[in-house]
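Asks: just coords:
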């Protein structure tokens, strides 16, 4: 199982980025719950968005509601995180996550820096 994030970078406040998480070693399909987490310097890793398996339910951290959107393309085995109206407090390393048979898998992370 491998997860590879991309799409991070430096963006000004109010800007947008789209993160991608390419999965391999398993099929996304509808049977997997995919999540995005982030970790800022000196802080614990926190859940940003989750796309639940089997049901079309998406959940978001309160701090990103209305600004971030998680989506998936099962044909490409890829999960996305569209981030709009970015704020300096969104600066963090963003990680893709999947839990399979009780084991958590993580990507290497992609850095997002929001600064003027």
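Replies: Looks like it arrived, so ask away. Predicted model only: the values in this text are computed from it and were never measured.
Asks: Could you check how far residue 43 is from residue 68?
Replies: Distance of residue 43 to residue 68, given as Cβ to Cβ, to the nearest Å: 18 Å. The way it works is simple: take the backbone N, C-alpha and C, and place the C-beta from them, glycine included.
Asks: for residue 86, same thing?
Replies: Distance from residue 86 to residue 68, by Cβ to Cβ: 9 Å.
Asks: same check, this time on residue 115
Replies: 18 Å.
Asks: who's more crowded, the two?
Replies: residue 68 (21 against 10; other Cβ atoms under 10 Å).
Asks: Do I have it right that the more buried one meets residue 81?
Replies: Yes: using Cβ atoms under 8 Å, residue 68 makes contact with residue 81 at a distance of 6.2 Å.
Asks: shared neighbours, those two?
Replies: Taking Cβ atoms under 8 Å, 6 or more residues apart in numbering as the criterion, residue 68 and residue 81 both touch 48, 49.
Asks: show me where pLDDT drops low in this protein?
Replies: 30, 54-56 (pLDDT under 70).
Asks: Now do the contacts for the residue nearest the centre of it.
Replies: By Cα atoms, centre = their mean, the mean C-alpha position of the chain lies nearest to residue 36, the distance being 2.9 Å. Contacts for residue 36 (Cβ under 8 Å, 6+ apart) come out as 19, 21, 47-50, 70, 79, 81, 94-97.
Asks: could you redo the last one with a cut-off of 6 Å?
Replies: Residue 36 sits next to 48, 49, 81 when contact means Cβ atoms under 6 Å, 6 or more residues apart in numbering.
Asks: For it, give its distance to residue 116.
Replies: 24 Å.
Asks: just to revisit the earlier point, format the contacts of residue 36 as TSV; extra columns: neighbour count and distance to residue 13.
Replies: Listed next are the contacts of residue 36 as TSV, based on neighbours: other Cβ atoms under 10 Å; distance: Cβ to Cβ, whole Å:
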residue	neighbour count	distance to residue 13
48	24	18
49	23	20
81	27	18
